[in-house]
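> Generate a structure from the sequence data that follows.
(one chain, ligands or ions: 1)
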Amino acid sequence: MTESFGARLRHSMDERGPLCVGIDPHASLLAEWGLNDDVAGLERFSRTVVEAMADRVAVLKPQSAFFERFGSRGVAVLERSVMEARAAGALVVMDAKRGDIGSTMAAYAESFLHKDSPLFSDALTVSPYLGYGSLSPAVALARESGSGLFVLALTSNPEGGEVQHAIRADGRNVGATMLAHLAAENEGDEPLGSFGAVVGATLGDLSTYDLSINGPLLAPGIGAQGATPADLPRVFGAAVRNVVPNVSRGVLRHGPDVVALREAASRFADEITGAVSGG
Ligand SMILES: O=c1ccn([C@@H]2O[C@H](COP(=O)(O)O)[C@@H](O)[C@H]2O)c(=O)[nH]1
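Take a look at the predicted model:
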């Protein structure tokens, strides 16, 4: 039987540390790396990040948008990157932020979470803003295939609050409600549930939220968006042990040199370890 995503993530975080490096081939980064803004440039960029990182970080997170920008040939690069990253030992979180009515959500789930799909990933980011229940087909397929989900709960961008801080009829806000759904999903799972939340590292003190969802907390916002590893204990409190901090541009801007990329990731990893262990 396939080990669950949560279990595989816990082991990988214990072995390699919690850092998640993003594969975000921004046009500006392609230019900084001396690459053309075309499919060949995209492929070289993505291959370099996979080569530099996949044998050492716990998680790689390709941002699908930057590959989709190039149409089917960009998606083919994404497929190869996912396969190569997984083959080299990294877990892949596909950042595609899918969300739709349940019947369409089932097709999105097939695309990313079915073992036979060319884009099969260890986990997928999803949007619950058509209602958490609309994600049910993805939850069901993730359980079947041993993959996971990261549900947008409290995003790192300043605009997110207008939706996520909205107060519901029961007095609870929308973001807190998503966290409660995830806690129910992960109940009893050991060593860690497979249904995570996206919670921005940029958000300051989150002590009014119950972050104890028994699942991973994917925390973007470190580096280019202004948060630092030192912020993690203040933002996440006791839940910091389950945080998977994501850094994309903060690492990628050090390319294309593989050694420089590795050194940048290693600096973030050391700072994160120091912050999380109180050192
Ligand atoms: O709330 C969210 C959810 C996802 N993201 C994604 O993470 C990376 C962050 O990139 P940086 O270069 O480190 O800022 C990017 O792919 C976003 O789409 C997020 O930032 N916030």
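
> Run through the residues of the stretch 1-150 of the chain sitting next to the ligand.
Contact residues, the stretch 1-150 of the chain versus the ligand (CB under 6 Å from any ligand atom): Gly22, Asp24, Gln63, Asp95. Just so you know, the C-beta spots here come from the backbone N, C-alpha and C atoms, and that holds for glycine as well.

> quick one: which of those residues sit in helices?
With DSSP state H as the criterion, helices contain none of these.

> Out of the residues you listed, which comes closest to Thr228?
The shortest approach to Thr228 among these belongs to Gly22, at 16.4 Å (CB to CB).

> Max pairwise distance over the residues of the stretch 1-150 of the chain next to the ligand: which two?
Asp24 and Asp95 (8.5 Å).

> Can you pull the residues that touch both of those two?
Common neighbours of Asp24 and Asp95, using CB atoms under 8 Å, 6 or more residues apart in numbering, are Pro62, Gln63.

> sorry, back to before: could you save the residues of the stretch 1-150 of the chain next to the ligand as CSV and add columns showing distance to Glu187 and pLDDT?
CSV is the format used below for those (distance: CB to CB, whole Å; pLDDT from 0 to 100):
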residue, distance to Glu187, pLDDT
Gly22, 30, 98
Asp24, 34, 98
Gln63, 31, 98
Asp95, 26, 98
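
> Specify the beta-bridge partners of Val21.
Leu60, Val247 (DSSP bridges).

> Surely it touches Ser248?
Yes - in this structure, Val21 is within contact of Ser248 by CB atoms under 8 Å, at 7.1 Å.

> Overlap in contacts, those two.
Between them, Val21 and Ser248 share the contacting residues Lys61, judged by CB under 8 Å, 6+ apart.

> Mind checking which of those two has more residues around it?
Neighbours were counted for Val21 and for Ser248 using other CB atoms under 10 Å; Val21 has more, 29 against 26.

> That one and Ser266, how far apart?
Separation of Val21 from Ser266 (CB to CB, to the nearest Å) stands at 11 Å.

> can you check Met94 too?
25 Å.

> More neighbours: which of these two?
Met94 (25 against 15).

> In contact with the more buried one, which residues?
Met94 neighbours (CB under 8 Å, 6+ apart): Lys61, Pro62, Ser64, Val82, Phe112, Leu119, Ser121, Ala123, Leu124, Thr125.

> how about Leu152, secondary structure?
What DSSP: H, G, I helix; E, B strand; the rest coil gives for Leu152 is strand.

> Report pLDDT for it.
Each residue has a pLDDT score; the one for Leu152 is 98.

> circling back to that earlier point, the more surrounded of Asp24 and Asp95?
Set Asp24 next to Asp95 and count neighbours by other CB under 10 Å: Asp95 wins out with 25 against 22.

> and the residue nearest to Gly175 when sequence neighbours are not counted, how many neighbours?
Take Gly175 and drop its neighbours on the chain: the residue closest to it by CB to CB, 6 or more residues apart in numbering is Gln164, 3.8 Å away. If you count neighbours by other CB under 10 Å, Gln164 ends up with 21.

> which ones are touching Gln164?
Gln164 sits in contact with Ala153, Leu154, Thr155, Asn173, Val174, Gly175, Met178, where contact means CB under 8 Å, 6+ apart.
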